[in-house]
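# fold the following for me, if possible:
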Amino acid sequence: MFTKAIVKRPCGNFASGETSVELGEPDFERALQQHRAYCEALESCGLNLIELPPDDKHPDSTFVEDTALLTRRGAVLTRPGAESRVGEVESMAPVVHEYFSDVYTIEAPGTLDAGDVCEAGEHFFIGISRRTNEHGARQLAGLLESFGYTASLIDIRTVSNILHLKSGMAYLSGRRLVVIEALRNEPEFSGYDLICLNSNEEYAANCLTLNGKTLIASGFPTIRRELEQSGYPIISLEMSEFQKMDGGLSCLSLRF
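Here you go, the predicted structure:
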């Protein structure tokens with residue numbers, strides 16, 4: 001059961017952030033509207049919001065998920081793989097310490113974006129990517145195991161169309177995952193029930209299940225239909241402006 005979420009509004013220079021896609025420049029006012037709708041959706045799932053002010057020094061800082069991993073047994077401050085994002089962790093650290101007594105950090109030479117970490121019940125999948133190196137992934141796996149969880153590593157560096165592991169997968173409930181086609185044969189997913197997305201709907205892999213409801217990006221009717229038929233109540237949200245900046249639904253909050 002999630003009760004809180006940390007969110008941060010996009011800053012005025014949001015469009016100058018890091019991105020690996022070519023979908024055009026985001027419309028700032030529309031991004032603000034989409035962020036407000038996202039926050040309202042979190043509240044409708046029963047979460048109380050901790051709303052942080054925008055940070056003009058860090059254009060990507062609305063994507064708060066990358067700065068920390070929050071679990072029921074402890075928190076980990078990350079060490080982002082993009083140099084421009086390192087300062088985001090410094091501003092997030094006091095907020096995390098306010099709510100968690102046990103806070104750990106990823107140390108150099110490790111790098112870790114928490115967008116590469118998918119919590120699936122008591123198990124965590126950790127992606128090795130362009131942003132998270134093997135050293136950082138193994139540091140996190142060790143920390144999680146000290147918390148009493150299990151963890152496994154998935155190397156996505158050869159998967160060209162996703163930035164983070166959670167760009168291509170999500171945990172729904174039980175033993176069910178949403179995955180993109182390029183990840184469906186990962187041995188780490190053996191024993192899981194996979195909902196595999198077609199190539200036209202891969203962006204929708206970054207969905208978010210909170211307290212019995214599932215948030216999905218709008219405009220992807222096949223995955224919506226399949227999730228509804230599987231019994232998941234859906235909240236559909238416009239994410240076009242965040243998609244332009246490599247962001248998805250999970251990126252915009254830290255839930256705990």
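
# which residues of the stretch 51-200 of the chain fall in helices?
For the stretch 51-200 of the chain, the helices defined by DSSP state H, counting those that start in this stretch cover 86-99, 134-147.

# mind listing what's buried in the first one?
Taking 16 or more other C-beta atoms under 10 Å as the neighbour-count basis, helix 86-99 is seen to contain the buried residues E88, V89, S91, M92, A93, V95, V96. C-betas here are computed from N, CA, C, even on glycine.

# cool, the last one as well?
Along helix 134-147, the positions that meet the burial threshold by neighbour count (16+ other C-beta under 10 Å) are H135, G136, A137, Q139, L140, A141, L143, L144, F147.

# quick one: which of those is nearest Y38?
Closest to Y38 out of those is L140 (26.1 Å), distances taken as C-beta to C-beta.

# show the contacting residues for that closest one.
Residues near L140 by C-beta atoms under 8 Å, 6 or more residues apart in numbering: L69, V76, I106, L112, V117, F124, I126, A151.

# where does it land on pLDDT?
The model reports L140 with a pLDDT of 98.

# quickly note the distance from it to D155.
15 Å (C-beta to C-beta, to the nearest Å).

# going by distance to E51, which of the buried residues of helix 86-99 wins?
V95 (10.8 Å).

# let me see the mean pLDDT of stretch 18-25.
86.

# returning to what we had before: can I get the helices of the stretch 51-200 of the chain in CSV including distance to P233?
Output for the helices of the stretch 51-200 of the chain, formatted as CSV (distance: least, C-beta to C-beta, whole Å):
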stretch, distance to P233
helix 86-99, 28
helix 134-147, 30
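
# those: which one's closest to S199?
helix 134-147 (27.1 Å).

# dump the closest one to CSV, keeping only the CA atoms.
Taking Å, rounded to 0.1, in the frame of the first residue of the first chain, the C-alpha atoms of helix 134-147 are listed here in CSV:
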residue,chain,number,x,y,z
GLU,A,134,27.5,-2.7,-13.7
HIS,A,135,29.3,-1.4,-10.6
GLY,A,136,26.3,0.7,-9.6
ALA,A,137,23.9,-2.1,-10.3
ARG,A,138,25.9,-4.6,-8.1
GLN,A,139,26.1,-2.0,-5.3
LEU,A,140,22.4,-1.7,-5.3
ALA,A,141,21.8,-5.4,-5.5
GLY,A,142,24.0,-5.8,-2.4
LEU,A,143,22.1,-3.1,-0.5
LEU,A,144,18.7,-4.6,-1.4
GLU,A,145,19.9,-8.1,-0.3
SER,A,146,20.9,-6.6,3.0
PHE,A,147,17.4,-5.3,3.3
